[in-house]
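J.: What would the 3D arrangement of this be:
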Amino acid sequence: MTKKIHFIIMMLLTMATLLDAQQQTVIPAAPPAQQQSKQPTVPAQQQIPQQQKQPAMQSSPNLPLGFFEDGVDADTVTVGSRRDGTIEAWKIGDGDSALYRYDETSTAPNAWVKQMAKDETGALISAFDDVAASSEGIICAVSSTGKVYTLDSTKNIWEEIPANNADHFKFAKITVGNGRNIWAIEKATNNIYQLVVDYPIKIADATILSNEWVLKSRNGIDISAGIDGTVVAVSSQNNVYRFANNTWIQIPNIMLSKVAVASKDLIWGIYENGPVSEFWKFIPDLKTPTWQKIKNANGQDALTFTNIAANASGTIFATDAVGTIYNNGDKGVVMSVVTPEQLKLLQPGQFIQLARNVVVMPPQKISNRWQARQANLIQKIQQDPALLEQKQKLPKKLKVAPPVVGKVMPLAPGIKPALPARPFQQGMLPTTGPITKQPLITPPAQR
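T.: Have a look, this model is predicted:
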């Protein structure tokens, strides 16, 4: 039954994309060079004035199948999940650098609600550089001053993440997979740091536990962490690396500019190749992993995305060069404890196993916003049944060679090595591996 419903929904999404390709005449498409430019020559607000922007929840012939426009004026966007299975999406406004939260219950054209972000003292945090939502309900953000905050949703305040060396850094980017899987990129150096929780610090004869930002690598332009502990980073040479067993392992035959990781099997990326941005999806395979280039309904390169985020249900939020937001749904995930017998009944690909008896999977409920979108699609299909005869063109896959381990270099002078963290505790998600003396990973030379 689940597969049948999924098939019907994807068929409806495909048909809507094709229909919009025929009907969309109100707003002419921008010339290719202008549409794919990473840095427009004039501000986004001047390129597409507010009154001329497409209404929300609209599809386009250039979009990947199943994607719809769902907002404007975003500098960056993120998507995660609340613990009840509803979606958790945020954006930073393009122009005001303020935080906006996505209201999945709204059926209005604009579902983004501006937030008054206040810290523990009640002071307003007026501007942000980055925001990240995890699939287990954790929200982190980086202010324009480089401080890292996390949202206490019960009090609706933003608390600065405590770390004994936090005052030494100004960060630009943040990613959070779970409570013990938080990473950041430093603003001035592009160094990659991991927040090591319960870091033991020796003071006289006593040892206290604190948090510490620990250097993991240099040369990083993007990083993303998943709910299961998966971490993938992109170097300044656009090479892609996975962090495992305390080292960086190169993922060959793929170059990316941005990466979005939901889990080890749910990874997407963008490669800005001159004026063109390529949209890629990782296809897990036990024998030969592949990367698939995402196409539109006509089998051509999809609309240029410049930022991308994903949660563990496979929901993707992305933005283009002028700050328009797109998504392919609005589902979160729920975490469940299952018995071995129940685990056998679950279909492969429909869940992520975090531990022997803990899984996360998308809920069955559909939000008001997505219901309205589906009703609109059904109406279009009823008006033109001939659309059901259209077929989707499948893109080819790119085979990936075995991984290459990056060159391990000694720590740079002045870099403090990490001490072992406490062992995994019951009830906590596992970390990416034991924390020992940290080698500094320098990616190999450009291929």
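J.: Where does the prediction get shaky in the stretch 251-400 of the chain?
T.: 286, 303, 347-350, 354-359, 364-366, 374, 377-400 (pLDDT under 70).
J.: Which stretches in it count as strands?
T.: Taking DSSP state E, counting those that start in this stretch, the strands of the stretch 251-400 of the chain run over residues 258-263, 266-273, 276-283, 290-293, 307-310, 316-319, 325-327, 334-337, 352-355, 358-361, 397-399.
J.: so which of these comes closest to residue 299?
T.: strand 290-293 (10.8 Å; CB to CB). For every residue, glycine as well, the C-beta is placed using N, CA and C.
J.: what pairs with residue 141 across the strands?
T.: Beta-bridge partners recorded for residue 141 (DSSP bridges): residue 131, residue 149.
J.: I'd like to know how many residues surround it.
T.: Per other CB atoms under 10 Å, the neighbour tally for residue 141 reads 25.
J.: For it, which residues are in contact?
T.: 90, 99, 117, 128, 130-132, 148-151, 158, 174 (CB atoms under 8 Å, 6 or more residues apart in numbering).
J.: Closest one to residue 232 out of those residues, please.
T.: Nearest to residue 232, judged by CB to CB, of these is residue 132 at 14.0 Å.
J.: Contacts only, for the closest one.
T.: Residue 132 touches 78, 80, 139-141, 174-176, 309, counting by CB under 8 Å, 6+ apart.
J.: For the closest residue in space to residue 172 that isn't next to it in sequence, give its distance to residue 155.
T.: Using CB to CB, 6 or more residues apart in numbering and skipping the chain neighbours, the partner closest in space to residue 172 is residue 187 (3.9 Å). From residue 187 across to residue 155, the span is 28 Å (CB to CB, to the nearest Å).
J.: Mind checking which of those two has more residues around it?
T.: Taking neighbours as other CB under 10 Å, residue 187 and residue 155 compare with residue 187 leading, 17 against 10.
J.: I'd guessed that one sits against residue 174; true?
T.: No - at 11.3 Å, residue 187 does not count as touching residue 174 under the criterion of CB atoms under 8 Å.
J.: Please report the number of neighbouring residues for the residue nearest to residue 111 when sequence neighbours are not counted.
T.: Among residues not flanking residue 111 along the chain, residue 103 sits closest, at 4.9 Å (CB to CB, 6+ apart). When neighbours are counted by other CB under 10 Å, residue 103 registers 17.
J.: and residue 103, what is it in contact with?
T.: Residue 103 neighbours (CB under 8 Å, 6+ apart): 111-113.
J.: Residue 172 now?
T.: 129-130, 142, 146, 185-187.
J.: Distance check, residue 182 against residue 212.
T.: Relative to residue 212, and taking CB to CB, residue 182 is found at 12 Å.
J.: hey, what's in contact with both of those two?
T.: What both residue 182 and residue 212 touch, as defined by CB under 8 Å, 6+ apart, is the set residue 195.
J.: Show me the shaky parts of the stretch 51-200 of the chain.
T.: Looking at the stretch 51-200 of the chain by pLDDT under 70, you get 51-61, 199-200.
J.: Now do the strands in it.
T.: For the stretch 51-200 of the chain, strands defined by DSSP E, counting those that start in this stretch occupy the ranges 68-69, 74-81, 87-93, 99-102, 112-114, 128-133, 139-143, 148-152, 157-160, 171-178, 181-186, 192-203.
J.: Nearest to residue 298 among these would be which one?
T.: strand 68-69 (16.9 Å).
J.: Between residue 182 and residue 212, which is the more surrounded one?
T.: Set residue 182 next to residue 212 and count neighbours by other CB under 10 Å: residue 182 wins out with 25 against 22.
J.: excluding its backbone neighbours, what's nearest that one?
T.: According to CB to CB, 6+ apart, the nearest residue to residue 182 is residue 195 (4.2 Å).
J.: so who does the one you found touch?
T.: Residue 195 touches 161, 163, 182-184, 211-214, counting by CB under 8 Å, 6+ apart.
J.: And residue 269, by the same measure?
T.: Contact analysis of residue 269 by CB under 8 Å, 6+ apart lists 234, 240, 254, 256-260, 279-282, 308.
J.: returning to what we had before: redo the contacts of residue 195 as TSV? Include distance to residue 169.
T.: Formatted as TSV, the contacts of residue 195 follow (distance: CB to CB, whole Å):
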residue	distance to residue 169
161	11
163	9
182	13
183	13
184	8
211	12
212	11
213	6
214	11
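J.: With respect to residue 291, which of those residues is nearest?
T.: residue 183 (22.5 Å).
J.: partner residues bridging that closest one?
T.: Bridge pairing for residue 183 (DSSP bridges) gives the partners residue 175, residue 194.
J.: do residue 99 as well
T.: Going by DSSP bridges, residue 99 forms beta bridges with residue 92.
J.: Tell me how many other residues crowd it.
T.: For residue 99, the neighbour count with other CB under 10 Å is 23.
J.: same question, residue 287
T.: Residue 287: 4 neighbours (other CB under 10 Å).
J.: got it, and residue 293?
T.: Count around residue 293 with other CB under 10 Å applied: 15.
J.: what's across from the residue nearest to residue 238 when sequence neighbours are not counted in the sheet?
T.: Spatial nearest neighbour of residue 238, chain neighbours left out: residue 255 (4.2 Å); criterion: CB to CB, 6+ apart. Following DSSP bridges, residue 255 is listed with bridge partners residue 239.
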